[in-house]
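Engineer: Sharing a model that was predicted from the sequence below.
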Amino acid sequence: MNMKTLLAGAVATYFGVMASAYAADKMSPREFVDEASAKGIAEIETGKLALDKGTSADVKSFAQMMIDDHTAANKELATLASEKKLKVADDAELMNKAKAFILKLRDGESFDEAYANNQVKAHEATIELFRDEAETADDAELKAFAKKTLPKLESHLDMAKKLAAAHKKAN
């Protein structure tokens with residue numbers, strides 16, 4: 001098994017386990033704010049990495065959009081969290097750091113492919129988090145934020161899938 005397959009499997013397994021954990025228990029407002037803001041930070045940081053290491057114009061354009069959109073969403077979430085006396089994540093969780101590390105291992109075209117593939121997985125996990133919040137949250141403002149943000153996340157996922165398909169290499 002090659003390193004790329006092993007790392008992709010680890011990332012997919014992590015997100016699958018985390019998604020199952022979230023689905024099993026309704027998240028508290030604190031947990032949602034922490035998880036959503038951590039995912040936003042991870043998107044911003046991996047976007048910056050893609051601007052630096054990516055080689056394709058479409059990857060760099062997508063990365064800049066991720067930085068812009070997730071910065072705006074995190075600012076809005078921080079405002080909501082502050083009103084509720086909740087703290088947003090100031091650092092991404094361990095797996096998102098590992099995901100960024102995985103991306104740092106790639107250069108050139110293989111980096112573009114790795115970034116695009118990770119964007120699909122990351123957005124699938126984030127959409128599940130936001131859908132759960134939109135459907136089950138007791139906090140009306142966080143529920144409204146999740147509902148309002150979902151269409152943009154779904155659009156990001158569609159674009160990420162197209163980006164991944166465009167950068168897929170024949171094995």
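Structural biologist: Cool, the structure landed. Every value quoted in this text rests on a predicted model; they were computed, and no experiment measured them.
Engineer: what bits of the chain have low per-residue confidence?
Structural biologist: Residue ranges of the chain with pLDDT under 70: 1-25, 90-109, 170-171.
Engineer: Phi, psi for the residue nearest in space to the middle of it please.
Structural biologist: Nearest to the mean C-alpha position of the chain, counting by C-alpha atoms, centre = their mean, stands residue 122 at 4.0 Å. Phi and psi for residue 122, reported as degrees, to the nearest 10, are phi -60, psi -40.
Engineer: Next: the one 4 residues further on.
Structural biologist: The phi and psi torsions at residue 126 (degrees, to the nearest 10) take the values phi -70, psi -40.
Engineer: so it touches residue 38, yeah?
Structural biologist: No: the pair residue 126 / residue 38 is not scored as a contact, 10.2 Å apart, by C-beta atoms under 8 Å. The C-beta positions use only the backbone N, C-alpha and C, and glycine is treated the same way.
Engineer: These two: which is more packed in?
Structural biologist: Taking neighbours as other C-beta atoms under 10 Å, residue 126 and residue 38 compare with residue 126 leading, 24 against 21.
Engineer: Spatially, what comes nearest to that one if we skip its sequence neighbours?
Structural biologist: In this structure, residue 126 finds its nearest non-sequential neighbour in residue 39, 4.9 Å apart by C-beta to C-beta, 6 or more residues apart in numbering.
Engineer: Measure how buried the one you found is and give me the count.
Structural biologist: By other C-beta under 10 Å, the residues close to residue 39 number 24.
Engineer: Next secondary structure after the helix or strand in which it is found?
Structural biologist: Here residue 39 sits within helix 29-53, counting by DSSP states H and E. Once the chain leaves helix 29-53, the next helix or strand it forms, by DSSP H and E, is helix 57-83.
Engineer: now residue 47: how far from residue 147?
Structural biologist: 24 Å (C-beta to C-beta, to the nearest Å).
Engineer: repeat for residue 80
Structural biologist: For residue 80 relative to residue 147 (C-beta to C-beta), the value is 13 Å.
Engineer: Residue 34 too?
Structural biologist: Between residue 34 and residue 147 the computed distance is 19 Å (C-beta to C-beta).
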